[in-house]
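Visitor: dropping the sequence and predicted coords here.
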Amino acid sequence: MACMKLGSKMDTFQRKGRAWFSTTGLPSDVTVEVGEMSFHLHKFPLLSKSRLLEKLISDKSGEEESCIIKLSDIPGGSKAFELVAKFCYGMKIELTASNVVYARCASEYLQMTEEVAERNLISESELFLNQVVLRSWKDSVRALQTCDDLLPCAEDLNIVTRCIDSLAVKACMDPDLFGWPMMEHGSMQSPGGSVLWNGISTGARPTSRSTDWWYEDVSSLSLPLYKRLISVMESRGIREEIIAGSLASYAKRYLPGLNKRHNAALMTHISVLSEDEQRGLLEEIESFLPIQKGVTSTKFLFGLLRTAMILKASPEHLANLERRIGMQLDEASLEDLLLPTFSYSMETLYDVDCIHRILKHFLAMDLATGGASPGLIDDEQLMGSPSLTPITTVAKLIDGYLAEVAPDVNLKLPKFQSLAEAIPEYARPLDDGLYRAIDIYFKAHPWLSESEREQLCRLMDCQKLSLEACTHAAQNERLPLRVVVQVLFFEQLQLRTSIAGCFLVSDNLDGSRPLRSGLVAPSEGGGGGWATAVRENQVLKVGMDHMRMRVSELERECSTMREEIERLSRLRNGWSGFSKKLGFRVKPQICSTQEDSVSEHQSRSGKIEAISKAHKS
């Protein structure tokens, strides 16, 4: 820290309790009382530097009692007057970034101008402040920190504004352009790797600076000064993501709820704020955050929301945080969504209603920004459409969240169901995550009736389950019978379609062998293409054998249910009545109510079975 030395005499001040004495050998003829401290001094050194003290001493000269002067409203109190008194006596003092503002404010109050004496304290402190302190980042921060104790005098002397402007300019420019030593690489680096300063090795190691280099320094400022600094930085065009990062750093320093692992060494140097002060700070931070999507970290926003719930922030600020999170919900993680319930009722372990509100904000934002429409997409476009990436990500995230909250026995069916059905049907390319969440909910709530289970199962589409999920669902005793039947039907249909496709590929391979060999006999150099075709065909046959085994297993599993299916078929003529009785969404192109579609499906299945038997023989 830079300093400026003033005076040349030895320090002859001695403190005894709450009194200062000058040990020059001459008896004291004036007492200056500043707060609880008393300074027993001499008149001449004081009046030779201060016009105010000269006036006060002259007013007391006619009194017979000892001269006592009270300075109860001097800026900086006894700390500032001690510095001034030593300067008046010509003693050695050092002006630093930590005391120059005290000296400047006290000297202004005492009218220590150049008209009274040359090189008086006002001019000396101004010179050091402008030429040294404001040119250094660290010294500007230290000087600004002291301004809190010297308001409004520091404000009237424009010291606060000058410090803030100095910091804002430096934060918006390259940090290597100021301070000491300059951490430059290349010519400023010695062969040993240390930093050079005017050709002299400093022993310091070169470091690379990032945009957050100033976060920790400005977080030591009080909230009013910090807000003014951020406002000036914004006016100078600093990027919003940098401002958001600084706000996050400031909040983490003073809001313990944002830090899962507290830094004990840091917390010992910070005065712990009361709950009301923390609430006020949090609300101020929230109002200063940029509103653009993606500028502020989603994890930090969730941390603010969690802390705001604990501190019982105003509903307006809670709603604003939920709206901010909803704008960028696709950037959240499952851990972020697990917000505990902080209400006294403790109805559920996690705050499901809050996540539901956040999801509504996201869906409204997605619709307003031209999100994908369910009528313009199909399953193939769903996975590859860039415009659908956020909503499909959120759908997967919510399905994972449902699986996490499902074991809560206090989670009511309507609340679970409303959150699950809030996701549009087109946003889920697969329903495996939803099926897992429903199955976990059934396991944790075994008292649900059959109708309630069927009502919840209507949320998922059996045609959008993977083969692994279908296999699990077909053997799941917690699912209603109708769901199991429907799952078995679509699983078998998928396997038969896959087998038919494999046979078509096999036929194509058989017909393309002469073409792939280039119409050249093996002895003529076509052995490589022939061998490749043979290996591919063998691999394909192994895959078809596995599929046939799986079909056989499914047929055995379905044998116990065929009587029920036939009975239902007689009661409801054809597949149309059977589908209506099941009450699930079934794509019309697969299960049509027209008899010609049924006959076509039966004939196709017959062909597949005939091909399978022929292949076995």
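Guide: Now that the structure is in, tell me what you want to look at.

Visitor: contacts only, for L95.
Guide: L95 is in contact with 3-6, 103, 124-125, 128, counting by C-beta atoms under 8 Å, 6 or more residues apart in numbering. (C-beta placed from N, C-alpha, C; glycine too.)

Visitor: all strands for the protein, in order.
Guide: 3-6, 13-16, 19-22, 30-34, 37-41, 67-70, 93-96, 196-197, 200-201 (DSSP state E).

Visitor: between these, which gets the lowest average pLDDT?
Guide: When the strands of the chain are compared on mean pLDDT, strand 196-197 scores lowest, with a mean of 50.

Visitor: once you drop chain neighbours, what's closest to K43?
Guide: Of all residues beyond its chain neighbours, the one nearest K43 is V30 (4.9 Å), with distances taken as C-beta to C-beta, 6 or more residues apart in numbering.

Visitor: equivalent analysis for L56, please.
Guide: I69 (5.0 Å).

Visitor: for the one you found, list each beta-bridge partner.
Guide: Beta bridges link I69 to V32, judged by DSSP bridges.

Visitor: before we move on, back to that, in TSV, list the strands of the chain along with distance to E277.
Guide: Shown next, in TSV, are those (distance: least, C-beta to C-beta, whole Å):
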stretch	distance to E277
strand 3-6	35
strand 13-16	35
strand 19-22	36
strand 30-34	30
strand 37-41	30
strand 67-70	34
strand 93-96	30
strand 196-197	43
strand 200-201	47
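
Visitor: closest to V116 out of these?
Guide: For V116, the closest of these is strand 3-6, at 16.0 Å, according to C-beta to C-beta.

Visitor: hmm, back to that, which of the contacts of L95 count as buried?
Guide: Buried by 16 or more other C-beta atoms under 10 Å: 3-4, 6, 103, 124-125, 128, out of the contacts of L95.

Visitor: neighbours around N130, how many?
Guide: N130 has 12 neighbours, counted by other C-beta atoms under 10 Å.

Visitor: contact partners for the residue nearest to L289 when sequence neighbours are not counted?
Guide: Nearest residue to L289, sequence neighbours excluded (C-beta to C-beta, 6+ apart): T296, at 5.4 Å. Contact analysis of T296 by C-beta under 8 Å, 6+ apart lists 244, 247-248, 289-290, 324.

Visitor: can you check the pLDDT for T296?
Guide: At T296 the predicted local distance difference test score is 93.

Visitor: check the gap between it and R236 for me.
Guide: 20 Å (C-beta to C-beta, to the nearest Å).

Visitor: need the contacts of T296 in TSV (columns: distance to L167 and neighbour count).
Guide: Below are these laid out as TSV (distance: C-beta to C-beta, whole Å; neighbours: other C-beta atoms under 10 Å):
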residue	distance to L167	neighbour count
A244	18	20
L247	16	24
A248	19	22
L289	21	21
P290	20	16
R324	27	23
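
Visitor: what about K312, how many neighbours?
Guide: With other C-beta under 10 Å as criterion, K312 counts 11.

Visitor: please name the nearest non-neighbouring residue to it.
Guide: R279 is the one closest to K312 (C-beta to C-beta, 6+ apart), at 7.2 Å.

Visitor: which pLDDT value goes with the one you found?
Guide: Reading off the model, R279 has pLDDT 93.

Visitor: surely Q14 and T24 touch.
Guide: No. The criterion here is C-beta atoms under 8 Å, and Q14 misses it with T24 at 10.6 Å.

Visitor: who has more neighbours, those two?
Guide: T24 (14 against 11).

Visitor: so A313 is in contact with L282, correct?
Guide: Yes. If you go by C-beta under 8 Å, A313 and L282 touch, sitting 6.0 Å apart.

Visitor: the two: who's more crowded?
Guide: The neighbour comparison of A313 against L282 (other C-beta under 10 Å) goes to L282, with 24 against 21.

Visitor: how near is L110 to K49?
Guide: Distance from L110 to K49, by C-beta to C-beta: 8 Å.

Visitor: likewise T471?
Guide: Shown here: T471 relative to K49, a distance of 94 Å by C-beta to C-beta.

Visitor: show me which of these two is the more surrounded one.
Guide: Neighbour comparison, T471 and K49: the larger count goes to K49, with 24 against 16 (by other C-beta under 10 Å).

Visitor: dump the residue contacts of the more buried one.
Guide: K49 neighbours (C-beta under 8 Å, 6+ apart): 87-88, 110, 112, 116-117, 120-121.

Visitor: taking those residues one by one, which sit in helices?
Guide: 87-88, 121 (DSSP state H).

Visitor: out of the residues you listed, which is most surrounded?
Guide: Highest count within the ones in helices among the contacts of K49 by other C-beta under 10 Å belongs to L121, 26 neighbours.

Visitor: find the residue closest to that residue in space, skipping its chain neighbours.
Guide: S107 (3.9 Å).

Visitor: you'd agree the one you found is up against R119?
Guide: No. Contact criterion C-beta under 8 Å: S107 and R119 do not qualify, at 12.0 Å.

Visitor: burial check on S314, number of neighbours?
Guide: S314 - counted by other C-beta under 10 Å - has 12 other residues nearby.

Visitor: name the nearest residue to it, sequence neighbours excluded.
Guide: Closest to S314 by C-beta to C-beta, 6+ apart is E283, at 6.8 Å.

Visitor: the one you found: how many residues sit nearby?
Guide: 18.

Visitor: can you start the count at 21 instead of 1 from here on
Guide: Let's use 21 as the start, then, which means that last one is E303.

Visitor: that one contacts H337, correct?
Guide: Yes. E303 lies in contact with H337 (C-beta under 8 Å); the separation is 5.0 Å.

Visitor: okay, and for the protein, where does confidence drop off?
Guide: 82-85, 194-229, 280-291, 364-366, 390-408, 511, 514-568, 570-637 (pLDDT under 70).

Visitor: repeat that with 80
Guide: Scanning the chain with the threshold set as pLDDT under 80 gives 21, 44-45, 80-86, 193-231, 279-292, 363-367, 389-408, 503, 506-637.

Visitor: isn't the residue nearest to K63 right next to K90, touching?
Guide: No. Contact criterion C-beta under 8 Å: V50 and K90 do not qualify, at 11.7 Å.

Visitor: the more surrounded of these two?
Guide: V50 (21 against 12).

Visitor: let me see the contact set for the more buried one.
Guide: Taking C-beta under 8 Å, 6+ apart, we find V50 in contact with 60-63, 66, 77, 86-89.

Visitor: show me where the stretch 321-470 of the chain has helices.
Guide: 335-347, 354-357, 372-388, 399-404, 409-425, 433-441, 452-464, 470-477 (DSSP state H, counting those that start in this stretch).

Visitor: next, count neighbours for F322.
Guide: F322: 20 neighbours (other C-beta under 10 Å).

Visitor: what's the neighbour count on the spatially closest residue to it that is not a sequence neighbour?
Guide: What sits nearest to F322 in space, not counting adjacent residues and going by C-beta to C-beta, 6+ apart, is D356, at 4.3 Å. Counted by other C-beta under 10 Å, the residues lying close to D356 total 21.

Visitor: same check, this time on Y461
Guide: If we define neighbours as other C-beta under 10 Å, then Y461 has 24 of them.

Visitor: for it, give its distance to V503.
Guide: Y461 is 14 Å from V503, by C-beta to C-beta.

Visitor: one more: K25?
Guide: 87 Å.

Visitor: can you check P427 too?
Guide: Relative to V503, P427 is positioned 21 Å away (C-beta to C-beta).

Visitor: and those two? Which one has more around it.
Guide: For P427 versus V503, neighbours defined as other C-beta under 10 Å are more numerous around V503 (24 against 13).

Visitor: wait, isn't the more buried one in contact with C482?
Guide: Yes. Counting by C-beta under 8 Å, V503 touches C482, with 7.3 Å between them.
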